[in-house]
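*Asks:* this is a predicted model, with the sequence first.
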Amino acid sequence: MIYITGDTHGAFDIHKINPDEFIPGQTMTNKDYVIICGDFGCIWDGGSNDAFWLKWLSSLPWNVLFIDGNHENFDVLDSYPVVDWHNGKAHRIRHNIYHLMRGEIYSIDGHSFFVFGGGYSHDFELREEKKTWWKEEMPTQEEFVNAQKNLEKVNYQVDYVLSHDIFSSHPLSQKYKIQMNHYGKEYLNIQTILETIRQKLQYMCWFHGHYHVDEITYIDNKPCITLFDRVLLLDELENEMKTLKKSLK
Ligand SMILES: [Fe+2]
């Protein structure tokens, strides 16, 4: 079984996947997965706080997968080994915890997932570089090229897409105006990259986090699900979609 949810932000919002609250988590096994759509937040201080949460997550019998958002310590994240995992490259954090990397395509439980993390911190002025904010929250040309190369191999056709921020034709992308001038020249606007990919890609449903709401939006008649508190069961997606608030677009 695969469950998908939104930002966990370390201690702040991880309760939603705690089996005390997330009842399916009481009986899930090592064949089951919970995917977090960015802002995992358990790789943040690189110290005892992270160790506490990673120890707890690694004690769970099921797998925790996350993509990166704009609330990760990219220096620590990049220190983990890159391994081959389910047809793609991933950072192995613990035996049951993996970071799904930008531009990779994974085959999980019979489904293909294209993954592209990263997101814009609208509050970057309140944060401190290398302590609470990293330029790496934005993608590089190299990561975009990696995505294109992998997508060409599957003829730009996957089952699902996982991102943190969202493509520029989605109404939520307008919530914060992206300023690129405090990133280096090598960094690209995440929303533009996702839009470029979206226009070529065939997929069934797009999942993302970042905006801290649970709702569904149809773009070109395709569902795009914004997740925060909800933990959706992929096998029941049709029914789960009926329970989500429709955005006004
Ligand atoms: Fe967040």
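*Replies:* That came in fine, so what should we check first?

*Asks:* which residue is the nearest non-sequential neighbour of the residue nearest the centre of the chain?
*Replies:* Residue closest to the average C-alpha location in the chain (Cα atoms, centre = their mean): Cys37, at 2.8 Å. Nearest non-adjacent residue to Cys37, counting by Cβ to Cβ, 6 or more residues apart in numbering: Gly209, 3.6 Å away. (Each C-beta comes from the backbone N, C-alpha and C, glycine too.)

*Asks:* wait, isn't the one you found in contact with Asp68?
*Replies:* No. Using Cβ atoms under 8 Å, Gly209 is not in contact with Asp68; the gap is 10.6 Å.

*Asks:* ok, now which ones touch the residue nearest to Cys37?
*Replies:* Gly6, Asp7, Ile36, Cys37, Gly38, Asp39, Gly69, Gly119, His164, Thr226, Leu227, Phe228 (Cβ atoms under 8 Å, 6 or more residues apart in numbering).

*Asks:* shouldn't Val83 be within a strand?
*Replies:* Yes. Val83 sits within a strand when classified using DSSP: H, G, I helix; E, B strand; the rest coil.

*Asks:* so what's it bridging to?
*Replies:* Here Val83 sits in beta bridges with Ala90, going by DSSP bridges.

*Asks:* so what pLDDT did it get?
*Replies:* Val83 is assigned a pLDDT of 98 by the prediction.

*Asks:* confirm for me that it is in contact with Ile93.
*Replies:* No. Contact criterion Cβ under 8 Å: Val83 and Ile93 do not qualify, at 10.4 Å.

*Asks:* more crowded one of these two?
*Replies:* Taking other Cβ atoms under 10 Å, Val83 and Ile93 do not tie; Ile93 has more neighbours (23 against 11).

*Asks:* write out the residues of the protein neighbouring the ion.
*Replies:* Contact residues (Cβ under 5 Å from the ion) of the chain with the ion: Asp7, Asp39.
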